[in-house]
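Undergrad: Provide a 3D model corresponding to the input given below.
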Amino acid sequence: MACDSIPTMTLFQALLDKDCYGDLAVWEPVSARRWVAVSVGHSDGDAPMIMVAVVCDQPITELEEQP
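TA: Model prediction:
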């Protein structure tokens, strides 16, 4: 999916700034109108694994992969 919203770009930039950007698993809201996303990763091989959770009231869309 294309990422057209500013809040989504801000989310991905915040993850990149903290070296927490990895595969982002996103769950659409079922009844509470809240989007939930989780990413797990580390900045280098010696760094500990970090899990980041995101909860928001706006859709989280995937960024297009760059070739």
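Undergrad: any regions of the chain where pLDDT drops low?
TA: 1-7, 21-22, 63-67 (pLDDT under 70).
Undergrad: how about the residue nearest in space to the middle of it, nearest residue that isn't a chain neighbour?
TA: Geometric centre of the chain, nearest residue: residue 24, 4.7 Å, by Cα atoms, centre = their mean. Of all residues not flanking residue 24 in the chain, residue 39 sits nearest, at 4.7 Å (Cβ to Cβ, 6 or more residues apart in numbering). Yep, even glycine has a C-beta here, placed from its N, CA and C like the rest.
Undergrad: for that neighbour, grab phi and psi.
TA: Per-residue torsions, residue 39: phi -130, psi 140 (degrees, to the nearest 10).
Undergrad: residues in contact with it?
TA: Counting by Cβ atoms under 8 Å, 6 or more residues apart in numbering, residue 39 makes contact with 15, 20-25, 51-52, 54.
Undergrad: quick check: residue 51 touching residue 40?
TA: Yes - if you go by Cβ atoms under 8 Å, residue 51 and residue 40 touch, sitting 4.9 Å apart.
Undergrad: these two: which has the busier surroundings?
TA: More crowded of residue 51 and residue 40, by other Cβ atoms under 10 Å: residue 40, with 14 against 10.
Undergrad: give me the next element, helix or strand, following the helix or strand containing the more buried one.
TA: Assigned by DSSP states H and E, residue 40 falls within strand 35-41. Sequence-wise, the next helix or strand downstream of strand 35-41 (DSSP H and E) is strand 50-56.
Undergrad: and that next one, what's buried?
TA: Neighbour counts over strand 50-56 (16 or more other Cβ atoms under 10 Å) mark residue 52 as buried.
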